[in-house]
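Visitor: fold the following for me, if possible:
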Amino acid sequence: MSSSTAANGTSFPPNHTGTLRMVASNGTATLPGVPVSFQNSAPWTIELWFSLDALVDQMPLIGKTGEFSLSTRGAVLQAAFAGQTVPLRSTPLLTTGQPYCACVTYDGLNMSLYLDGGLAAQATTSASPPATGNALVIGGGFYGEIQGVRLWSQAMNAFLLAQNQFTPFAPGTPLLLAQIDFTAQPPADSSGNGVVPVLSPKAVYVPLVPAGSFGNTAFCDPYNDGAVNPGGSPADFSLNAWICPSVGSLMYVFANGVEESNSGTTLAVDAAGHMLFQVGDSAVLTSSATLQNGVWANVAATWSGDTGTLYINGAQDSTQGEMTLAGSLPEGEPLVGAIASVGAKLPINSFVGLIQSVCVWNVALTAAQVQQYLSDSPQGDPSCVAYYDLSQAPAQNQVSLNPLGLVAGTTLVPAPVGGSPFAAATVREALRGAGAAAAASAAPVDAEAEFARLLDAYELTAEQRAFFAGHHSASLARGEEEHRAGTSPGLGQIRIDPRPGGGTRVVRVSAQGEELILDTDLDPCTTWRLTLLANIVGALWLALGVKLNFAKFLNGMTTFLGTRINAIGVMPQLVALFANGVSGRAIYNSLWLLHEYSLLTPLAKLSYQVFTTSVGWWTILSLGMRIALLMSPSAPVELLWFVAQLAYSAYTIQQCIQQAPAGCLGAVGQGRGPQPALA
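Guide: Numbering: from 1, shown residues only. Coordinates of the predicted model:
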């Protein structure tokens, strides 16, 4: 992930994206020269990522005037050739504020409409409109946002498209005409064909920076983080934060200790926009540069040997010696966005504006490292003792996994909005299975019959049922075949070996030979638990069409979770979920459990650094929204697609469970936290 600079020179945090907003009904993005043909039964595919501001009559999404249009009509998605009497229409599926991926394919006879990977409508048509010479246009009477578009001169395989909803195809892919990302500025075509969209004045790029919103008396209180104690002792430390202030009064970005103490540290902004850095009761180091009102900035402070240094947007601003400690703190009292005071019940001088993250290191970062962490995540850095992350719910310290309390009106923005467009039986009721057994087993289950029972719980058309059943069977067969061949992109066949002198190694055995993917000092049980977590999270990303470099992922998890994994309390429950066999339902339940323990967010952020293909932050936000939707009680059709995808990973997880070292499965049901409601 990386920070970026807009055309006006404004910097944004690494966890940001944007979108093409149609600020009026006549906003358009024209795609000149894209050779998609709607004549003479030529095959084609159109994919479009969008969200709606309103459900109104006949809003064009994309098309060529006089030839073809993909549009919405209220909550219905529809597609038609010019002159086609009856458009291809879905049932009412759409709602406002929800990101969608719509896809329409034509093979010369059949037109098929998909929404988020599921078949929404299909019909036979032989219409052949005249060639008009008009350009392909997105929008023009559309109210909402566009995130991307992909065009093909072939009727693409639905399974392949579903697998790649969130990942781009390689430049030069045969028959790929355009692949344009509107979350970037300027819009970027990664197809290799150099398509340059032409935007009308009413089609505007809007940056989207997820963060915590602070105002008046708001602040964040880290839970159980007494070990985070910068300035509480003579040890070196560093602070780093991404902030967007509303300049005009004294306000604190981070404080450790109370205002009247002579120990701890503070990082603040004064009424004029200067950064203030103080250690104990030493003289305050004041920046020469000032922050602008409503403009994002990265601010960093380091302290070593009684010398403090301030950085703004990666550049050294000022330095000062004789910042000497006068006292020490037995344990830390960190606050984000305010400072504690002896004379007040609540913290005072609250920050006003947005904060995306505050990080604390137990070393003094070098100038090069300050530059590095403008774009890199510190989550895998062992010297980072706190990463207070407000870019995605739940807000938490991504190092300790402790929650970050949102107090006195602090909110996370933008939050995922919109629910499922589908209404039927609830997820929990449909997936409720037998209770957990006393020990885990990877005994085979009749996955086909189990999935058929899951289909029975929903109100589906015959076409929808056939699509999901066929998709599930294909995923199961492909997973088994690739597992046996040793070509699975997941961990596949693993072996845990003892290492001379202590510790363990994880080796992946595949058709290409053996690959060392983890060499660690951890005990065999902890190492195995890391591999099980990696397999389960890997199943999540594979199901959503994103692939991981598992070697980097496991190494990162070792640094990130390490020995703490044994104290999380989730492992006995996680293992128990597979007591009746490894299936799509069991994998889904395990993901739900990780979600309940607030583990999916930090694991997602760790995964973000090791995706095997480059993805944008919009992808991460979209995945987060999709995970939230999948975990909701009212997303049955979305869930069916997802569970069908998970069948592909069943053999990899089954192999991992069978590889558990003796005594590592543990007692089922022990450990803190709720029992999973889906078990």
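
Visitor: shouldn't Ser318 be in contact with His274?
Guide: No. Under the criterion of CB atoms under 8 Å, Ser318 makes no contact with His274, lying 9.7 Å away. Just so you know, the C-beta spots here come from the backbone N, C-alpha and C atoms, and that holds for glycine as well.

Visitor: who touches both of these two?
Guide: Contact criterion CB atoms under 8 Å, 6 or more residues apart in numbering; residues shared by Ser318 and His274: 286-288.

Visitor: most neighbours of all the residues you listed, which one?
Guide: Within these, Ser287 tops the neighbour count with 20 neighbours, counted by other CB atoms under 10 Å.

Visitor: from Ser249, how far out is the nearest residue to that residue once chain neighbours are set aside?
Guide: In this structure, Ser287 finds its nearest non-sequential neighbour in Met275, 3.9 Å apart by CB to CB, 6 or more residues apart in numbering. In this view, Met275 and Ser249 are 14 Å apart by CB to CB, to the nearest Å.

Visitor: so those two - more neighbours on which side?
Guide: Met275 (28 against 13).

Visitor: my guess is that one meets Phe254, correct?
Guide: No. Judged on CB under 8 Å, Met275 makes no contact with Phe254 at a distance of 11.5 Å.

Visitor: what sits in contact with each of the two?
Guide: Joint contacts of Met275 and Phe254 (CB under 8 Å, 6+ apart) are Leu267.

Visitor: how much space between Val269 and Asn293?
Guide: 10 Å.

Visitor: who's more crowded, the two?
Guide: Comparing Val269 with Asn293 by other CB under 10 Å, the one with more neighbours is Val269, at 28 against 12.

Visitor: so that one touches Leu250, yeah?
Guide: Yes. The pair Val269 / Leu250 is scored as a contact, 7.5 Å apart, by CB under 8 Å.

Visitor: beyond the lowest-mean-pLDDT helix or strand in the chain, next helix or strand please.
Guide: Lowest by mean pLDDT, DSSP states H and E among the helices and strands of the chain is helix 427-431, with a mean of 28. Per DSSP states H and E, the first helix or strand lying C-terminal to helix 427-431 is helix 447-456.

Visitor: what is the mean pLDDT for the very next helix or strand once past that next one?
Guide: Next helix or strand after helix 447-456 toward the C-terminus (DSSP H and E): helix 462-485. Averaged over helix 462-485, pLDDT sits at 84.

Visitor: who's in contact with helix 462-485?
Guide: 118-119, 122, 159, 162, 447-448, 451-452, 455, 460, 488-489, 492-493, 511, 584, 637, 640-641, 643-652, 655.

Visitor: right, and the helix or strand after it?
Guide: strand 493-498.

Visitor: this structure - how does it break down into domains?
Guide: 4-207, 211-413, 427-489+538-658 (automatic domain parsing).

Visitor: and the helices in the stretch 251-400 of the chain, which stretches?
Guide: Remark: helices assigned in the stretch 251-400 of the chain by DSSP state H, counting those that start in this stretch are 367-372.

Visitor: try the stretch 551-679 of the chain
Guide: 571-576, 584-596, 600-608, 617-630, 636-646, 650-658.

Visitor: wait, which of those helices is closest to Pro201?
Guide: Closest of the helices of the stretch 551-679 of the chain to Pro201 is helix 617-630, at 23.2 Å (criterion: CB to CB).

Visitor: helix or strand for Glu145, which one?
Guide: Counting by DSSP H and E, Glu145 is part of strand 144-152.

Visitor: from the chain's centroid, how far away is that strand?
Guide: Using CA atoms, centre = their mean, to the nearest Å, the distance from the centre of strand 144-152 to the centre of the chain it belongs to is 19 Å.

Visitor: indicate each strand paired with it and its parallel or antiparallel sense.
Guide: Partners of strand 144-152 in the sheet, by DSSP bridges, are strand 17-22 (antiparallel), strand 44-52 (antiparallel), strand 176-181 (antiparallel).

Visitor: Gly503: neighbour count?
Guide: Neighbourhood size, Gly503 [other CB under 10 Å]: 15.

Visitor: wait, it touches Asp521, no?
Guide: Yes. With contact defined as CB under 8 Å, Gly503 reaches Asp521; the gap is 4.2 Å.

Visitor: ok, the closest residue to Gln154 other than its chain neighbours - how many residues close by?
Guide: Leaving aside its chain neighbours, Gln154 sits nearest to Leu175 (4.5 Å; criterion: CB to CB, 6+ apart). Using other CB under 10 Å, Leu175 is surrounded by 13 other residues.

Visitor: that's a strand at Pro201, yeah?
Guide: No. Counting by DSSP: H, G, I helix; E, B strand; the rest coil, Pro201 falls outside a strand, being coil.

Visitor: my read is that Val76 contacts Leu93, right?
Guide: Yes. Taking contacts as CB under 8 Å, Val76 lies within contact range of Leu93: 7.4 Å.

Visitor: between these two, which one's more packed in?
Guide: Under the criterion of other CB under 10 Å, the comparison of Val76 against Leu93 puts Leu93 first, with 21 against 17.

Visitor: hang on, the more buried one packs against Leu119?
Guide: No. Leu93 lies out of contact with Leu119 (CB under 8 Å); the separation is 11.5 Å.

Visitor: mean confidence for stretch 356-368?
Guide: Confidence for stretch 356-368, expressed as mean pLDDT, is 97.

Visitor: how about stretch 139-148?
Guide: pLDDT averaged over stretch 139-148 gives 92.
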